[in-house]
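Trainee: how would this look folded up:
(chains A, B, C and D)
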There are 2 protein chains.
Amino acid sequence: MNENVVLTPERILEATEDVLRRFGLAKATVVDVARALDVSHGSVYRHFPSKASLREAVAKRWLERLNAPLAKIAEASGPAPARLERWLRTMFAIKHKKVSDDPEMFTTYLTLAREACKVVKAHKDGLVDQIAHILSDGVKQGTFQVTDAKASARAIFDATIRFHHPAHAEEWSDPQLATRIDVLLALLLKGLEAPRKR
Amino acid sequence: MNENVVLTPERILEATEDVLRRFGLAKATVVDVARALDVSHGSVYRHFPSKASLREAVAKRWLERLNAPLAKIAEASGPAPARLERWLRTMFAIKHKKVSDDPEMFTTYLTLAREACKVVKAHKDGLVDQIAHILSDGVKQGTFQVTDAKASARAIFDATIRFHHPAHAEEWSDPQLATRIDVLLALLLKGLEAPRKR
DNA sequence: GCGATGACAGATTTCAATATCTGTCAGTCA
DNA sequence: TGACTGACAGATATTGAAATCTGTCATCGC
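Mentor: Alright, predicted model coming up:
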């Protein structure tokens, strides 16, 4: 058995994703995961203390994959306003793509995330930090006027929640979505703008 | 029987609210409503074609009650920016109060509203119109710079969704809620601001 | 020794029989 | 006549017994 390969947390996560994809969140059991790996379910419990922690690890992996392209934009150079806009539009695009590509898997991960709220909170904090980083750049460049970058970053995150929080995913098929995003981003960027030098 | 009073849609709605309050949404049946009114359930079906339409009517009543105080603010006179801020803060306060006063009834109405999405859409449209009305006033007064009042009103509605949409009700107990609202409103108001005359 | 196993107790889920509800309508009563 | 009733068919919800799952641990084999 066991395919002559060591059983690693990584392999278990892989198998868990498979099982989730095949059976859906509600029906995926750790017995299924063990079966997919051709080991007893006791072995899985050697690497993860509980089903919840296994799911949490899967959620974390998923969120980290979402994070990567955004972090790159946040760290880039160039004018902050354009970068902020690109960052936000990229975030929206990533989420909207996930929903339209595989709605079933999206709801699976959504429910997964609701359970692993600690991981999600850390993820959100990371995103807000990225926005704050861009805002700070803008202040240095003189293009943004912001007293508390962190607080303003949170405000940006809050203000755009309609377009990135999964709770609103059903509304993302609105044909006016693009326009609504345009108007909101214009409003926010104007609100952040530093007064022109004379 | 029947308490010597005519059976009106109004009385049925009243009784339905009672039943919802006592049994909760999942267990409230039209048989229960009929029992509360001391009539047969067939009589209820004389006034409402289905259970769904009865629930829809209850949802509509509820939303109309929420709407009243806001409409008053929207129609008032005075500087638009202050009025917009008051309108938004009032909307948040109404929702937040509902949640903290009677969380159980709130979730009941929330689920009710999810089912009666047509009624909710009309309600939302009404709210956006109210914002648009305030924005138009601001443009006339020269305090707001806005090209499309309706589109901007929607943007304001979208941007504040975190603080009024029931999907985010769990986060309303955040101790930093007031600060987050302050920062967001300041950002939005600055974004709407018309340039000062020289 | 170390990773894996499989039997086990208690918790959870499934499933099918049973009960209740929704919506209709022919008939009652005032 | 027209508001109301109550019996009915089909849909939905409840229930409790049986099956499955989670998490533990004494034991096995390398």
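Trainee: any residue of the strand or helix carrying residue A:162 up close to chain B?
Mentor: For residue A:162, the element it lies in under DSSP states H and E is helix A:161-164. Yes - interface with chain B: helix A:161-164 contributes A:161-163 (CB under 8 Å from any CB of the partner chain). To be clear about C-beta, it is placed using only N, CA and C from the backbone, and glycine gets the same treatment.
Trainee: which of these tops the neighbour count?
Mentor: Within the residues of helix A:161-164 next to chain B, most neighbours by other CB atoms under 10 Å in any protein chain shown means residue A:162, with 24 neighbours.
Trainee: List the contacts of that residue.
Mentor: Applying CB atoms under 8 Å, 6 or more residues apart in numbering or on different chains to residue A:162 gives the contacts A:168, A:171, B:158-159, B:161-162.
Trainee: ok, of the residues of helix A:161-164 next to chain B, which one's closest to DNA strand C?
Mentor: Distance to DNA strand C across the residues of helix A:161-164 next to chain B (CB to the nearest atom of the strand) is lowest for residue A:161, with 30.0 Å.
Trainee: Quick check, that closest one in contact with residue A:155.
Mentor: No - Residue A:161 is beyond contact range of residue A:155, at 10.7 Å (criterion: CB atoms under 8 Å).
Trainee: Could you show which parts of chain A are in contact with chain B?
Mentor: By CB under 8 Å from any CB, the residues of chain A that approach chain B are A:148, A:151-152, A:154-156, A:158-163, A:165, A:167-168, A:179-180, A:183-184, A:187-192.
Trainee: Backbone dihedrals for residue A:77, please?
Mentor: Dihedral pair for residue A:77: phi -110, psi 180, per degrees, to the nearest 10.
Trainee: Nearest to DNA strand C: which residue in chain A?
Mentor: Nearest residue of chain A to DNA strand C (CB to the nearest atom of the strand) works out as residue A:42 at 2.3 Å.
Trainee: how deep is that residue tucked in, by neighbour count?
Mentor: Neighbour count for residue A:42, taken as other CB under 10 Å: 9.
Trainee: and what of residue A:125?
Mentor: 12.
Trainee: And the average pLDDT for stretch A:61-81 is what?
Mentor: Across stretch A:61-81, the average pLDDT comes to 96.
Trainee: Give me the contact list for that stretch.
Mentor: By CB under 8 Å, 6+ apart, stretch A:61-81 touches A:13, A:83, A:86-87, A:90-91, A:94-95, A:109, A:112-113, A:119-120, A:123, A:126-127, A:130-131, A:133-135, A:137-138, A:141, A:143-144, A:189, A:192-193.
Trainee: Show the buried residues in those.
Mentor: Among these, those classed as buried by neighbour count (16 or more other CB atoms under 10 Å in any protein chain shown) are A:13, A:83, A:86-87, A:91, A:94-95, A:109, A:112-113, A:119-120, A:123, A:127, A:130-131, A:133-135, A:137-138, A:143-144, A:189, A:192.
Trainee: hang on, the earlier thing: filter the residues of helix A:161-164 next to chain B by proximity to DNA strand C?
Mentor: The subset of those within reach of DNA strand C, counting by CB under 7 Å from any atom of the strand, is empty.
Trainee: Show only the entries of the contacts of stretch A:61-81 found in helices.
Mentor: In this view, the contacts of stretch A:61-81 that belong to helices under DSSP state H are A:13, A:83, A:86-87, A:90-91, A:94-95, A:109, A:112-113, A:119-120, A:123, A:126-127, A:130-131, A:133-135, A:137-138, A:141, A:189, A:192.
Trainee: So chain A: which segments form each domain?
Mentor: Here the domain parsing of chain A from automatic domain parsing is A:2-47, A:56-192.
Trainee: what about the last one, how long is it end to end?
Mentor: Here the two ends of domain A:56-192 are set 36 Å apart, with distance taken as CA to CA, to the nearest Å.
Trainee: is DNA strand D contacted by it?
Mentor: No - applying CB under 7 Å from any atom of the strand, one finds domain A:56-192 separated from DNA strand D by no less than 11.4 Å.
Trainee: Can you name the residues of chain A that neighbour DNA strand C?
Mentor: So far as CB under 7 Å from any atom of the strand goes, chain A lies against DNA strand C at A:1-2, A:6-7, A:26-27, A:39-43, A:46.
Trainee: Can you report how many residues lie near the nearest residue to residue A:98 once chain neighbours are set aside?
Mentor: Closest residue in space to residue A:98, ignoring its immediate chain neighbours: residue A:106 at 5.2 Å, by CB to CB, 6 or more residues apart in numbering or on different chains. By the measure other CB under 10 Å, the count of residues near residue A:106 is 17.
Trainee: With the one 10 residues further on instead?
Mentor: By the criterion of other CB under 10 Å, residue A:116 has 22 neighbours.
Trainee: Same check on residue A:19?
Mentor: Using other CB under 10 Å: residue A:19 sits among 22 other residues.
Trainee: name the element it belongs to?
Mentor: Using DSSP H and E, the element containing residue A:19 is helix A:9-23.
Trainee: Now do the same contact list for the nearest residue to residue A:37 once chain neighbours are set aside.
Mentor: Nearest non-adjacent residue to residue A:37, counting by CB to CB, 6+ apart: residue A:15, 5.0 Å away. Residues near residue A:15 by CB under 8 Å, 6+ apart: A:33, A:36-37.
Trainee: Residue A:194 now?
Mentor: For residue A:194, the residues meeting the contact criterion (CB under 8 Å, 6+ apart) are A:138-139, A:142-145.
Trainee: Next: residue A:139.
Mentor: Counting by CB under 8 Å, 6+ apart, residue A:139 makes contact with A:145-146, A:149, A:194.
Trainee: which residues of chain A score low on pLDDT?
Mentor: Within chain A, the set of residues satisfying pLDDT under 70 comprises A:1-4, A:197-198.
Trainee: now residue A:89: how far from residue B:154?
Mentor: According to CB to CB, to the nearest Å, residue A:89 and residue B:154 sit 18 Å apart.
Trainee: my bad, should have said residue A:118
Mentor: Distance from residue A:118 to residue B:154, by CB to CB: 34 Å.
Trainee: Please apply the same query to residue A:101.
Mentor: Using CB to CB, residue A:101 is found at 27 Å from residue B:154.
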